[in-house]
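# Here is my input, please return the structure:
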Amino acid sequence: MRRRTKTWIALAGLLAVVAVWGLTVWGQLPPSTQTPKVGEKAPEFTLPDTNEKPVKLAELLAGPEGGPKPAGVLLIFYRGYW
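Predicted coordinates for the structure are as follows:
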């Protein structure tokens, strides 16, 4: 029982250290002034899809040929490790 308690205390301490580090790093990031606000249209851009084929935002918003026009496009930007 004692070993389990020590493990939980160690995990809680590690979580606290990670939380403090994360808040410190995020607090130092400058605010972005060029990002679109909620409800604003995103600027036109082209990015590669999973098959390295370039895809334009306008193409996604137009929808498939002969098909219905989508109500919108969900944009998710993942920063990764750069």
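
# what comes into contact with stretch 39-51?
Stretch 39-51 is touched from outside by Pro36, Pro54, Val55, Lys56, Leu57, Ala58, Leu75, with contacts defined as C-beta atoms under 8 Å, 6 or more residues apart in numbering. C-betas here are computed from N, CA, C, even on glycine.

# Let's see that with 6 Å instead.
If you take C-beta atoms under 6 Å, 6 or more residues apart in numbering as the criterion, stretch 39-51 is touched by Pro36, Pro54, Val55, Lys56, Leu57.

# Write a ChimeraX command that selects only the buried members of the residues you listed.
Buried residues within those, by 16 or more other C-beta atoms under 10 Å, are selected in ChimeraX with:
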select :57
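
# Strands - which of the contacts of stretch 39-51 land there?
Using DSSP state E, the members of these that fall in strands are Pro54, Val55, Lys56.

# Confidence-wise, which of the contacts of stretch 39-51 comes last?
Among these, Pro36 carries the lowest pLDDT, at 80.

# contacting residues for it?
Pro36 touches Ala42, counting by C-beta under 6 Å, 6+ apart.

# if I look at it, how far off is Lys56?
Going from Pro36 to Lys56 by C-beta to C-beta, to the nearest Å gives 17 Å.

# next one: Gly22
Counting by C-beta to C-beta - Gly22 and Lys56 are separated by 35 Å.

# For the contacts of stretch 39-51, give me TSV that also has distance to Phe45.
Listed next are those as TSV, based on distance: C-beta to C-beta, whole Å:
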residue	distance to Phe45
Pro36	11
Pro54	10
Val55	10
Lys56	7
Leu57	6
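
# where do the helices sit along the chain?
2-28, 57-62 (DSSP state H).

# returning to that earlier point: would you point out the most distant pair within the contacts of stretch 39-51?
The distance between the two most remote of the contacts of stretch 39-51 (C-beta to C-beta) is 21.3 Å, for Pro36 and Pro54.

# what is the mean pLDDT for stretch 72-82?
Here the average pLDDT along stretch 72-82 is 74.

# buried residues in that stretch?
For stretch 72-82, it's none, nothing buried (16+ other C-beta under 10 Å).
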